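[1] Sharing a model that was predicted from the sequence below.
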Amino acid sequence: MTGIRHSLWAAAAALVVAILAFSALGCGGQSQQVDPHAELAKSAAAMQQIKGFHFVYEVHQPANAKPGTGLEIARITGDVNSDGNMKAAIDVTQNGIPLTLNFVQVGDTQYLQVLGAWQKIPIESSPVGKLNLGTGTIQILQKMTDVKYVGEETKGGVKCYHITGNVAASEVKAIAGAVDTTNTFPVDIWIGVDNSYVYEVDVHGAATSGESPSTWRSVVLSNHNENVDIKAPI
């Protein structure tokens, strides 16, 4: 009788182990095998091959942040091609007053629509400066350190790998536009499971001394591999 009981206990234990193993697999057990370094490298290669993408770039300030006295970017919505040409609408605040500016960059020349008329503007006085979301995104993919795979999540209706890490201030300039700190920035990035495209990048921390430490920036990407005809407006 004792032998039968031991056999029953052994069979039950084996069944429990099998159920747990199956449950782990169904709940993302396979996702535990994801190598974040490999996925970042695959994504950098994929993003270097695309023709362009649509983006929404946003600067998130805490509710209690004091409004700046100069021109501050709140959001940029537009398209960027692989050659760096960009067309966008820039939502800014000037001394606390919200404004929307139309912007075009072709090659090294930038244009801003002021009071209905297009003007060439030097990069030094541009609200965008040397912002380059295509290059900046690839740099982050290639330069992230302390990377960690978080899990699978959905962005824009697409199943993505969520990966976190840190990026040096020098690598954030292409996304933040202006950086006067040497601190590292915590970064969250979402990469398409099936195509290795980047769907969102979140960069946490103040880029300048005038920003709140709680400031963070997001870049949401869509329309991957689409080239938009961008020409100089004048």
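    That came in fine, so what should we check first? Numbers count the residues shown, from 1 in each chain.

[2] Can you classify residue 113 as helix, strand or coil?
    strand (DSSP: H, G, I helix; E, B strand; the rest coil).

[3] who touches the residue nearest to the spatial centre of the chain in this structure?
    Taking Cα atoms, centre = their mean, the centroid of the chain lies closest to residue 201, which sits 1.4 Å from it. Contacts for residue 201 (Cβ atoms under 8 Å, 6 or more residues apart in numbering) come out as 137, 140, 175, 187, 188, 189, 190, 218, 219, 221. C-beta here means a position set from N, CA and C on the backbone, and glycine is covered the same way.

[4] in which helix or strand would I find residue 87?
    For residue 87, the element it lies in under DSSP states H and E is strand 86-94.

[5] now, among the contacts of residue 201, which is nearest to residue 160?
    Taking Cβ to Cβ as the measure, residue 190 is the one of the contacts of residue 201 closest to residue 160, at 4.0 Å.

[6] If that closest one is in a bridge, with which residues?
    With DSSP bridges as the criterion, residue 190 is bridged to residue 162, residue 200.

[7] Next one, pLDDT for it please.
    On pLDDT, residue 190 comes in at 98.

[8] that's a strand at residue 175, yeah?
    No. Checked against three-state DSSP, residue 175 lies outside a strand; its state is helix.

[9] now it: how far from residue 138?
    11 Å (Cβ to Cβ, to the nearest Å).

[10] okay, the two: which has more neighbours?
    Just comparing residue 175 and residue 138: by other Cβ atoms under 10 Å the higher neighbour count belongs to residue 175, 25 against 19.

[11] Now the phi/psi pair for residue 48, please.
    Main-chain torsions, residue 48, degrees, to the nearest 10: phi -70, psi -20.

[12] I figured it hits residue 138, correct?
    Yes. If you go by Cβ atoms under 8 Å, residue 48 and residue 138 touch, sitting 6.1 Å apart.

[13] any idea which helix or strand carries the nearest residue to residue 89 once chain neighbours are set aside?
    Leaving aside its sequence neighbours, residue 89 sits nearest to residue 77 (Cβ to Cβ, 6 or more residues apart in numbering; 5.3 Å). Residue 77 belongs to strand 71-81 when assigned by DSSP H and E.

[14] Let me know the average pLDDT across that strand.
    91.

[15] when you give positions from now on, start the count at 2
    Yep, numbering from 2; the last one is strand 72-82 now.

[16] Could you list the buried residues of it?
    73, 74, 75, 76, 77, 79, 80, 81, 82 (16 or more other Cβ atoms under 10 Å).

[17] now do stretch 117-137
    Quick answer for stretch 117-137 (16+ other Cβ under 10 Å): 122, 127, 128, 129, 130, 132, 133, 134, 135, 136, 137.

[18] how far away is the last one from residue 94?
    Taking Cβ to Cβ as the criterion, residue 137 is separated from residue 94 by 23 Å.

[19] Quick one: the strands in the chain, in order.
    53-61, 72-82, 87-95, 98-107, 110-115, 118-122, 146-156, 159-168, 186-193, 199-205, 217-223 (DSSP state E).

[20] Could you dump those strands into a markdown table with distance to residue 235 added?
    Listed next are the strands of the chain as a markdown table, based on distance: least, Cβ to Cβ, whole Å:
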| stretch | distance to residue 235 |
| --- | --- |
| strand 53-61 | 22 |
| strand 72-82 | 18 |
| strand 87-95 | 14 |
| strand 98-107 | 9 |
| strand 110-115 | 7 |
| strand 118-122 | 5 |
| strand 146-156 | 37 |
| strand 159-168 | 37 |
| strand 186-193 | 37 |
| strand 199-205 | 32 |
| strand 217-223 | 28 |
